[in-house]
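# sequence? don't have it. structure:
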Ligand SMILES: [Cu+2]
């Protein structure tokens, strides 16, 4: 362990006592709003109504990669929606200001939006589908551990300004803003996520409705931008999470996704039917199809009863499905190399096929796998089943 690293670990211990910080002030198109002052408001019987989401992270702590599949990652631990929302025009600016940030907690600063059907003040956070609108990562690695977006944020008086996409359709959105500290990320589960959320009301006449990703599916502990050693020189850094949305790219993204999926999918998420309603409907009208996994020698023997996906309100990003689905238990093979399943009315996270195996692209009741020459270890499929039970 290098001296600088030892020193950093010591500093980290000190700053744990000092507190990591939270968003204490938000400026939206020139109007300033108060943040959720967790070390004060949490202990008040009648805290003020805010655009900011509340949390119970009174230790100013973080969400660890082991909790990436829990609701804590969405808007921090014990979070609940703010009662208010701030109006903002497409192309407008949101400036997020933190009360403080430890300068040894280097890492990316990432911001997402997720649309609510109606006001976000009573939204079910686990249904929110986030698309990335701003991201800063490694800026300069000349001096290890490098200059990061977090360092830039400190230099800018603990703030970062984010532009709302200029073509975004009007409506209520949750803005999810996050610093990921990587000073311990050379260890699996060593990264630290500090998410903060606010409510916005986008005005104007935009038409774009980018598809998004459930908060619990944004990251994996093994993502190259999460499990990374910043104490070594790194030639490039991959900002974690789904790809960045930029205004005008919605049509392109949808076309690209359509090209890689055989199932017909609804265009970008425009359904206003709440996911819960779809789940109820499917439970009432569908006989449950037992999940069955088959291993076959050739992908040409794929099942032909591919259910139509047109009844679902799912949407795609690079072929990855997200959002609600109606054919409970159905499998979706994305281009042969990754798969997902409809679980509890939602497409679960995309997972890569095991090395040496491919699936038959499209949706079907069985995940049809072409085995490699060597007998494939089916461990991951068993794990997959166990995981579904766990959910
Ligand atoms: Cu820390």
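Now that the structure is in, tell me what you want to look at. Just so you know, these numbers come straight off a predicted model, no measurement behind them.

# List the buried residues of stretch 55-66.
Using 16 or more other CB atoms under 10 Å as the test for burial, stretch 55-66 gives 55, 57, 60, 62-65. Where C-beta positions appear, they are placed from N, C-alpha and C, glycine not excepted.

# ok, residues contacting that stretch?
19-22, 36, 38-39, 42-43, 70, 72-73, 75-80, 181, 188-195, 219-221, 226-227 (CB atoms under 8 Å, 6 or more residues apart in numbering).

# Helix, strand, or coil at the closest residue to residue 215 other than its chain neighbours?
Using CB to CB, 6 or more residues apart in numbering and skipping residues adjacent in sequence, the residue nearest residue 215 is residue 74, 3.5 Å away. Under DSSP: H, G, I helix; E, B strand; the rest coil, the three-state class of residue 74 is helix.

# so what's residue 74 up against?
Contacts of residue 74 (CB under 8 Å, 6+ apart): 125-126, 128, 176, 195, 197, 215-216.

# how much space between it and residue 210?
Using CB to CB, to the nearest Å, one gets 18 Å for the distance from residue 74 to residue 210.

# cool, and residue 20?
30 Å.

# what about residue 26, helix or strand, and which?
strand 23-28 (DSSP states H and E).

# ok, and for that strand, which residues are buried?
Of the residues in strand 23-28, 23-28 count as buried by neighbour count, 16+ other CB under 10 Å.

# ok, residues contacting that strand?
Here strand 23-28 has contacts from 32-37, 51-52, 86-88, 92-99, 177, 196, 198, 200, using CB under 8 Å, 6+ apart.

# next one: stretch 131-149
The contact list for stretch 131-149 (CB under 8 Å, 6+ apart) reads 4, 106-114, 151-152, 160, 162-165, 182-183, 210-213, 225, 230-239, 241-245, 317.

# Tell me if residue 20 really is in a strand.
No: using three-state DSSP, the secondary structure at residue 20 is coil, not a strand.

# returning to what we had before: narrow the contacts of stretch 55-66 to just the buried residues.
Here, 16+ other CB under 10 Å leaves 19-22, 36, 38, 72-73, 75-77, 79-80, 181, 189-195, 219-221, 226-227 buried among the contacts of stretch 55-66.

# Distance of residue 213 relative to residue 50?
26 Å.

# Mind checking which of these two has more residues around it?
Between residue 213 and residue 50, counted using other CB atoms under 10 Å, the more crowded position is residue 213 (25 against 22).
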